[in-house]
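# structure, please.
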Amino acid sequence: MSEAKRYILPESIYPVVLTRPSLDEPHWVAARNEELHIQRCKHCRRFQWGPEFLCHHCHSFDLGFERVSPSGTIYSWERVWHPVSPEVQPYVPYVILVVELDDAPGIYATGNLVGDPTVEIPIGAQVAAAFEHHDDYTLVQWRLAQ
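So this is what the prediction gives:
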């Protein structure tokens, strides 16, 4: 099994169903195009994640999505050794990251670390998005920056 294939989790553990229209649809469409879009208030200009119908800060309903750099800093992580389901057993260990986005300070995204799951992972390390395409959706995963 190739390294690229080894660390990508099977589609069966991501039962993502997008209904149209959905509040987070702009995020998923952008990910399909290998871009990262995050919700931002048009009134106070603050980013927020996950998407909501109103701004957490000023309570405006005038929200949109803006493109941000697909990069960030590792805020936290966990190496998973115990599978959550039998389908995941061949893929353990894997690493789940919490990433603070470079262009949206205070906004955190989660995703798996692509690559060797046994590598040392320092808090504060830089990461870049790795877009993992599936038939019906694209996941934003992370790769350690070079």
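
# pLDDT at the nearest residue to His57 once chain neighbours are set aside, what is it?
Distances taken as CB to CB, 6 or more residues apart in numbering place Arg46 nearest to His57, at 4.8 Å, with adjacent residues excluded. Where C-beta positions appear, they are placed from N, C-alpha and C, glycine not excepted. In this model, Arg46 is scored at 97, pLDDT.

# which helix in the protein runs the most residues?
Ranked by number of residues, the top helix in the chain under DSSP state H is helix 25-32.

# off-centre distance for it?
11 Å (CA atoms, centre = their mean, to the nearest Å).

# give me the low-pLDDT residue ranges for the chain?
The model of the chain has pLDDT under 70 over residues 1-21.

# and the helices in it?
In the chain, the helices defined using DSSP H lie at 3-6, 25-32.

# hmm, back to that, packing partners for the longest helix of the chain?
On a contact count with 3 or more CB pairs under 8 Å, 6 or more residues apart in numbering; DSSP states H and E, helix 25-32 meets strand 36-41, strand 63-68, strand 138-144.

# so which of those comes closest to Cys55?
Smallest distance to Cys55 across the helices and strands packed on helix 25-32 (CB to CB): 3.9 Å, for strand 36-41.

# Lys42: neighbour count?
Other residues near Lys42 come to 12 when the count uses other CB atoms under 10 Å.

# quick one, longest strand in this protein?
For the chain, the strand that runs over the most residues, judged by DSSP state E, is strand 71-80.
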